[in-house]
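Novice: coords please:
(chains A and B)
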Amino acid sequence: MPLAESTEPRAVAAAPAGRAKKFGTAATRAAIPAVTGSLYAARRKIQPQAVRGTFRWIKWVLLAVALGVYYLVPFLRWHRGAGEPSQAVLLDLDRGRFYVFSIELWPQDVTYVMGLLILAALILFLMNAVAGRIWCGYLCPQTVWTDLFLAVERLIEGDRRERLKLDAAPWSVEKIALRGMKHAIWLMIAWWTGGAWVLYFADAPTLVADLATFQAPPAAYTAILILTATTYGLAGHMREQVCTYMCPWPRIQAALTDEHALNILYRDDRGEPRNSAKKSALLRAAGQPAGDCVDCFACVTACPAGIDIRDGLQMDCIQCGLCVDACDAVMMRLGRPTGLIGYDTEANRRSRASGGGPVSRIVRPRTVLYAALVAGVGGFMLYSLLTRSFTALSVLHDRNPQFVILSDGSVRNGFTLRIVNKRPVERRFALSVEGLPESRVEVVGGVPDALPVPSDATQEFRVLVFVPPGAPAASAPLAFRITDPATGETAGAQDYFKAP
Amino acid sequence: MADTANPGTPPAGPETTGHEWDGIAEYNNPLPRWWLYGLYATIIWAFGYWIAYPAWPLVSGYTGGLLGYSQRATVLGEVAAVRRERDARGQAQLASAAVAEIRADPALLRLALATGKAAFGDNCAGCHGSAATGRQGYPNLQDDEWLWGGTAEAIERTIRFGARSGHGEAHVGDMPAFGRDGILTRAEVEAVASYVLSLSGKPGVAGAKPDKGAEVFAGNCAGCHGEAGKGNPEMGAPNLSDAIWLYGSAPEQVVATVTNGRKGVMPAWEGRLDPATIKSLAVYVHSLGGGK
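Specialist: Numbering: from 1, shown residues only, chains lettered A, B, ... in the order given. Next up is the predicted model:
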């Protein structure tokens, strides 16, 4: 350890006796064992064992639902009227419109997207405070696709034992065939993942036909290629490395969890001391303490993250519950109660250790706060969505010139009006000016009584307001108002009339 | 290990990186090796980038890169694409349609207004101002006073041929230098100036006689400006009875105008601008608010 020898004398010299008094004994600790291993670790390949049980079943159902939603939603149809897209969920970037069933969002409605992100974060916090990493373990695309890829791998190469054997075996025709088939199916799933993604951005049936006949825009092929590569790479090869090294959530989760949050935990008070089944039986017969854990490593081999849950709550654990299923199966075979590994809280564990009863506190300040915030933000967004207007008006006063004196001494102001028509029909709006009784209004290239605005679009108009000589002695406020005579919908905007 | 100060302190937890700051050491949690390879890959990528794209400054210039990429060429390509797009969207139609047709077609009108606004800033703003409000001697195009007519067609004609521009079709009109050339005496000039100002209720030159001025006006000015001073766009003679004064409404300014005459020049734009642009300009100027 040359590094240690070179640094330690300095550390010793920098630790005078007074320091312990000032900073505590830790400040004087100089025995820093220097790095002996590599700063970089080679990846340890993980070959998880298949398990059966409640959590595996829940995960299969969620996987089917999540993938079903992802792959099929672009093909749902939704009638919106002539000239409007008939796709239920469509992100039309070219025209700047997001369609989600009956909701149509314009670029200026991007606040709803922001609200959804805030809501998503709050729901994540709430889930975490109630039951740990539900998102990571069951719903995260990384988990879902990795699960799917693992299922394919298991189908072709067999379970853990066969795969380990295949890994160790020399290259043969059979190994090449198995590996080739696995990667081919993976690539197909990955390609399909990218293919479904682009369908959200254009009319799905049309785009499918275009893609098949090589007439789709290059951006579609590029997006499919990129997503094929990321899906194949992340779900087929990177897997738990994504969760451990790339995702920020493990670090955030560590800061959000508390002693009352449910997490997948090993009940060491019941499991320890761990021994082989035979030895435990002997100890028990002799009236000596024996834990339920038989140290069979079923939980470890089942873990897709490659950790030992018995080491306690750890960053790499995505809390998928597969170790629970693995352990329960063993416990049932041994005739011991299940639940040696399961959803539990730190507070509960401590209470049991000190002989107390079960502790459960789902209602805590943080869960109440998160729930209130979710309800508040969600309620506000829903309210504003339901009450939002389909008509809007914005006004821009001419900056230069601010006013024009005409030959008869009257004063003219110019304005640019933009009328927003969010309805899928062409509408004609009547324009009026409020606050200037003697004024006269002209619209360049139109008549104020019927300003046409195409369906689902905005239209700009140049509007001139005239005031006879001397009518307003100084600048005066005025307001524009547009009204759709057909529906009575109306919108207004404030501005000023500038006089010399 | 030279643990003389704290013999027997056991190392707690996993090994550390070997650095220590005020008693704080860092655990060695090894990064995955592929992360390191990622770093190397980005370094190799950078070399590729240096070769493929413009990268290194030289004494006079820079390395061009094998791909020959240039932001300037990209912009020029985009400009050309916009030109083609514009032609496809009706720029060609603007050239063949009459201004009245352009104004009647909302889509063409919008295109003409956008084209005209840009062309105005490039070609007209130098004299008429960026807001078309003009200044002394350069007419305000926002108001409803027009020397040579305020219909869109008249404006188009003025833009095409100009005023006193030397073009064969240009507007021609001469206001004599009544004072400088000795046609009127100083007193007569002051009197007629006072009379003209009185038409719009403005105070005249102190001590001048507006009654005498009316006589002088009828004899010398009414031929072009009309009996009542309402002007005549055929001659480019402005209306003298309204609130708008191209050369100023102060008595001394009007006296200077009568004394020296006025001969504002506007260049002919035909041949310098294409027909589509000229028509767009006419429609744009007409739309500013004062068009007849």
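Novice: Quick check: buried residues in stretch A:209-221?
Specialist: Neighbour-count burial for stretch A:209-221, with 16 or more other CB atoms under 10 Å in any protein chain shown as criterion, is recorded at A:L211, A:A216, A:A220. For glycine as for every other residue, the C-beta is placed from the backbone atoms N, C-alpha and C.
Novice: Report the secondary structure state of the residue of the stretch 151-292 of chain B found nearest chain A.
Specialist: Here the stretch 151-292 of chain B gets closest to chain A at one residue, B:D242, 3.7 Å apart by CB to the nearest CB. When classified by DSSP: H, G, I helix; E, B strand; the rest coil, B:D242 comes out as coil.
Novice: Backbone torsions only: list them for it.
Specialist: When quoted as degrees, to the nearest 10, the phi and psi of B:D242 stand at phi -110, psi -170.
Novice: Likewise for B:K212?
Specialist: Residue torsions, per degrees, to the nearest 10, at B:K212 are phi -60, psi -40.
Novice: just the strands in the stretch 101-250 of chain B please.
Specialist: In the stretch 101-250 of chain B, no strands are found when defined by DSSP state E, counting those that start in this stretch.
Novice: could you pull out the helices for the stretch 351-500 of chain A?
Specialist: For the stretch 351-500 of chain A, the helices defined by DSSP state H, counting those that start in this stretch cover A:365-386.
Novice: Quick one: name the residues of it near chain B.
Specialist: Proximity of the stretch 351-500 of chain A to chain B, by CB under 8 Å from any CB of the partner chain, involves residues A:398, A:400-401, A:404-409, A:412, A:414, A:442, A:444-446, A:452, A:462, A:464.
Novice: Is it possible to mark the buried ones in those residues?
Specialist: A:398, A:401, A:404-407, A:412, A:414, A:444-446, A:462, A:464.
Novice: Which residue in the residues you listed has the weakest pLDDT?
Specialist: Across these, the bottom pLDDT score, 78, is held by A:G445.
Novice: Pretty sure that one sits against B:S287.
Specialist: Yes. The criterion here is CB atoms under 8 Å, and A:G445 meets it with B:S287 at 7.2 Å.
Novice: Please identify every residue contacting each of those two.
Specialist: Common neighbours of A:G445 and B:S287 are listed as A:R462 (criterion: CB atoms under 8 Å, 6 or more residues apart in numbering or on different chains).
Novice: quick one: pLDDT of residue 46?
Specialist: Just so you know, I chose chain A. Looking at A:I46, its pLDDT reads 92.
Novice: Switch to chain B, please.
Specialist: In this model, B:A46 carries a pLDDT of 94.
Novice: anything in the helix or strand containing it near chain A?
Specialist: According to DSSP states H and E, B:A46 maps onto helix B:33-52. Yes. Residues of helix B:33-52 contacting chain A under CB under 8 Å from any CB: B:R33, B:W34, B:W35, B:L36.
Novice: try stretch B:145-163
Specialist: Yes. Counting by CB under 8 Å from any CB, chain A is contacted by stretch B:145-163 at B:E145.
Novice: Now do that stretch: everything it contacts.
Specialist: Contacts of stretch B:145-163 from elsewhere in the structure, counted by CB under 8 Å, 6+ apart, are A:406-407, B:99-100, B:103, B:139, B:144, B:167-173, B:233, B:236-239, B:242, B:244, B:246, B:264-270, B:278-279, B:281-283, B:285-286, B:290-292.
Novice: and it, C-alpha only, in PDB?
Specialist: The C-alpha trace of stretch B:145-163 is given here as PDB (Å, rounded to 0.1, in the frame of the first residue of the first chain):
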ATOM      1  CA  GLU B 145     -53.400  63.200 -46.300                       C
ATOM      2  CA  TRP B 146     -52.000  62.100 -49.700                       C
ATOM      3  CA  LEU B 147     -50.100  64.400 -52.000                       C
ATOM      4  CA  TRP B 148     -50.500  62.100 -55.000                       C
ATOM      5  CA  GLY B 149     -53.700  60.300 -54.100                       C
ATOM      6  CA  GLY B 150     -54.400  57.800 -51.400                       C
ATOM      7  CA  THR B 151     -56.000  54.800 -53.100                       C
ATOM      8  CA  ALA B 152     -54.000  51.600 -53.300                       C
ATOM      9  CA  GLU B 153     -53.700  52.100 -57.100                       C
ATOM     10  CA  ALA B 154     -52.400  55.700 -56.700                       C
ATOM     11  CA  ILE B 155     -49.900  54.600 -54.100                       C
ATOM     12  CA  GLU B 156     -48.700  51.800 -56.300                       C
ATOM     13  CA  ARG B 157     -48.200  54.300 -59.100                       C
ATOM     14  CA  THR B 158     -46.300  56.700 -56.800                       C
ATOM     15  CA  ILE B 159     -44.000  53.900 -55.700                       C
ATOM     16  CA  ARG B 160     -43.400  52.700 -59.200                       C
ATOM     17  CA  PHE B 161     -42.500  56.000 -60.800                       C
ATOM     18  CA  GLY B 162     -41.800  58.300 -57.900                       C
ATOM     19  CA  ALA B 163     -42.200  62.000 -57.700                       C
END
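Novice: list the buried ones in that stretch?
Specialist: Result for stretch B:145-163 [16+ other CB under 10 Å]: buried residues B:145-152, B:154-163.
Novice: Out of the buried ones among the residues of the stretch 351-500 of chain A next to chain B, name the ones that lie in strands.
Specialist: A:V404, A:I405, A:R412, A:G414, A:R462, A:L464 (DSSP state E).
Novice: Helices along the stretch 151-292 of chain B, start to end?
Specialist: Residue ranges of the helices in the stretch 151-292 of chain B, as given by DSSP H, counting those that start in this stretch, are B:152-161, B:186-199, B:210-220, B:222-225, B:251-260, B:275-287.
Novice: Among the ones you listed, which comes closest to A:D269?
Specialist: The closest of those to A:D269 is helix B:275-287. By CB to CB, the value is 84.8 Å.
Novice: which residues touch the residue nearest to A:T338 when sequence neighbours are not counted?
Specialist: Using CB to CB, 6 or more residues apart in numbering or on different chains and skipping residues adjacent in sequence, the residue nearest A:T338 is A:D328, 4.1 Å away. By CB under 8 Å, 6+ apart, the residues touching A:D328 are A:G53, A:T54, A:T338, A:G339, A:L340, A:I341.
Novice: now swap in A:L382 and tell me
Specialist: A:L382 makes contact with no residue under the criterion CB under 8 Å, 6+ apart.
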